[in-house]
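Student: just coords:
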Ligand code: HEM
């Protein structure tokens, strides 16, 4: 194998399938952990015919994600089944196209008014509370919170980001919700069709006809988003929208970038409606599955760590008191919750790895990289490493005090990625998690239920998610 020739250690590949067989009947992240023990921090394996080099070393992660970003800026395909206009989206573009689009999306996130976003998130959190009240009343022994959290996070994000008026918390048949589920299923590691297409890209056209539900819902969903864009464009043009009320969509419409035209001259232009549809899809596809899982993981960890939950609750009461709707400033000050979220993502990393494709032969710190190799940065193996996180199996949110963080290499823990391609939506994601938890924890103690299983069973879909739901009991505070 090419890895042998270049002295990169790793398991011996088999013809056609490479090392894929070694994942059979095992949890994929455990396989990476075992390989790290056997081969060290950097090793190679084959996904079918594709060579993949795995990095589990913070310094090398920094080199690839930031220092040599120009040679590693491409991300391998996230969902193998792409429908127009999603080929224009952040998740699927690369080179100059990605760079320009990313700059408009990043500046839209920066310009959108956080106070307005938090107002929308609080409104959705109030609706979530009505649903939780009902479930807590009907299920004294606890219930699975995942469906409600999935619907809340999508409704909260869609209303805050693009003034979506659908009622996802009350209507699980809302197109946007069904589309998000179909997108996640279609890109899930549990889905053998997607798995085959990922490993053997040339089979994708043959496999695409099996991706029926995703394809059908994509058409309906894109039409809904186009209608939403048309309405908001008209509102901007006819009535104007106060700058304090401008959401992500308004800023995507107003943003411009420089583009080289065929005559070789540079022109400034805004995003087309089709590009905006694609970006909204990449935010929903790239962000919402991860966000749902992270909120659900935090709720599970609160249930099984009552003392830490009490500290989070006390911090919420000290900062927000009983003020009905916490402000963006107050949410930012919830340090105990910040630490709790990070420690949860260490033990249950919804994005367990980062991936890039190498675009140019090079050697970094003595490690060879070849054009076309997939680079998998599997820092999740580091999150359980005794030498970085003593007693790694123990939940301890104090690992994320400023003092403790300073003791570690800054690239030891990257739940949202790093460098120019890092997650653009994590601020909104964290606000959303906090807006929901402030309301839940002020009213209820989250407790384990007879159905709670700890450690929580998880699955890769395609992000790490609860395998069979998250069962908890909500007991009213007295
Ligand atoms: C709070 C939970 C979230 C976590 C843990 C998370 C994590 C990540 C990670 C690890 C990446 C890959 C970064 C890289 O390759 O360097 C990523 C990318 C991305 N995330 Fe998030 N994310 C979250 C929430 C969100 C939300 C709420 C949105 C949308 C508003 C979002 C939108 C995206 C997009 C569009 C990308 C691709 C960016 C690009 O390729 O340029 N994420 N996220």
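Tutor: That came through fine. Quick caveat: nothing in here was measured; it's all calculated off a predicted structure.
Student: all contacts plus neighbour counts: C-alpha atoms, from now on.
Tutor: OK.
Student: what's the closest non-adjacent residue to the residue in the stretch 101-250 of the chain that the ligand sits nearest to?
Tutor: The nearest approach of the stretch 101-250 of the chain to the ligand comes at residue 102, 6.0 Å away (CA to the nearest ligand atom). Excluding the flanking residues, the one nearest residue 102 by CA to CA, 6 or more residues apart in numbering is residue 90, at 6.5 Å.
Student: sorry, back to before: the residue of the stretch 101-250 of the chain closest to the ligand is in what secondary structure piece?
Tutor: If you go by DSSP states H and E, residue 102 is part of helix 95-111.
Student: What are the buried residues along that helix?
Tutor: 98, 100, 101, 102, 104, 105, 107, 108, 109, 111 (16 or more other CA atoms under 10 Å).
Student: pLDDT of that helix, averaged?
Tutor: Mean pLDDT, helix 95-111: 91.
Student: OK, contacts around the nearest residue to residue 105 once chain neighbours are set aside?
Tutor: Closest residue in space to residue 105, ignoring its immediate chain neighbours: residue 252 at 6.5 Å, by CA to CA, 6+ apart. Residues in contact with residue 252, defined by CA atoms under 8 Å, 6 or more residues apart in numbering, are 104, 105, 108, 271, 276.
Student: And those residues, which is closest to residue 373?
Tutor: The nearest member of the contacts of residue 252 to residue 373, counting by CA to CA, is residue 105 at 27.9 Å.
Student: Provide a complete list of residue ranges assigned to strands in the stretch 1-150 of the chain.
Tutor: Ranges of strands in the stretch 1-150 of the chain, per DSSP state E, counting those that start in this stretch, are 42-47, 50-55, 143-144.
Student: Next, work out how far apart whichever residue of the stretch 151-300 of the chain sits closest to the ligand and residue 70 are.
Tutor: Closest contact between the stretch 151-300 of the chain and the ligand, by CA to the nearest ligand atom, is at residue 287 (3.3 Å). From residue 287 over to residue 70 the distance is 24 Å, taken as CA to CA, to the nearest Å.
Student: If you count surrounding residues, which of those two has more?
Tutor: residue 287 (18 against 15; other CA atoms under 10 Å).
Student: thinking again about what came up before, okay but the residue nearest to residue 102 is in contact with residue 96, surely?
Tutor: No: using CA atoms under 8 Å, residue 90 makes no contact with residue 96, being 11.6 Å away.
Student: which bits of the stretch 101-250 of the chain sit near the ligand?
Tutor: residue 102 (CA under 6 Å from any ligand atom).
Student: average pLDDT across the lengthiest helix in the chain?
Tutor: For the chain, the longest helix by residue count, based on DSSP state H, is helix 212-238. In this model, helix 212-238 has an average pLDDT of 94.
Student: Begin at 13 from now on, thanks
Tutor: Okay, residue one is now 13; in that scheme the one you just asked about reads as helix 224-250.
Student: which residues sit in contact with the closest residue to residue 444 other than its chain neighbours?
Tutor: Distance criterion CA to CA, 6+ apart; nearest residue to residue 444, sequence neighbours excluded, is residue 133 at 6.2 Å. By CA under 8 Å, 6+ apart, the residues touching residue 133 are 168, 169, 171, 172, 444, 447.
Student: Filter those residues down to the buried ones.
Tutor: 168, 169, 171, 172, 444, 447.
Student: show me the contacts for the fifth one.
Tutor: So the one you mean is residue 444. 130, 133, 165, 168, 169 are the contacts of residue 444 under CA under 8 Å, 6+ apart.
Student: From residue 422, how far out is the third one?
Tutor: When you say that, I think you mean residue 165. On the measure of CA to CA, residue 165 and residue 422 end up 29 Å apart.
Student: so how many other residues sit close to residue 27?
Tutor: By other CA under 10 Å, neighbour count at residue 27 equals 10.
Student: Rebuild the contacts of residue 264 as TSV, extending it with distance to residue 25.
Tutor: Listed next are the contacts of residue 264 as TSV, based on distance: CA to CA, whole Å:
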residue	distance to residue 25
116	42
117	40
120	45
283	45
288	42
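Student: what about residue 151, how many neighbours?
Tutor: By other CA under 10 Å, neighbour count at residue 151 equals 13.
Student: on that earlier part again, for the strands of the stretch 13-162 of the chain, could you give me CSV that also reports mean neighbour count and mean pLDDT?
Tutor: Listed next are the strands of the stretch 13-162 of the chain as CSV, based on neighbours: other CA atoms under 10 Å; pLDDT from 0 to 100:
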stretch, mean neighbour count, mean pLDDT
strand 54-59, 23, 96
strand 62-67, 22, 96
strand 155-156, 20, 98
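Student: The residue nearest to residue 117: which element?
Tutor: Short version, using DSSP H and E: residue 264 is in helix 260-266.
Student: mean confidence score for that helix?
Tutor: 93.
Student: List the buried residues for whichever helix or strand comes after that helix?
Tutor: Note on helix 260-266: by DSSP H and E, the next helix or strand toward the C-terminus is strand 268-272. By 16+ other CA under 10 Å, the buried positions in strand 268-272 come out as 268, 271.
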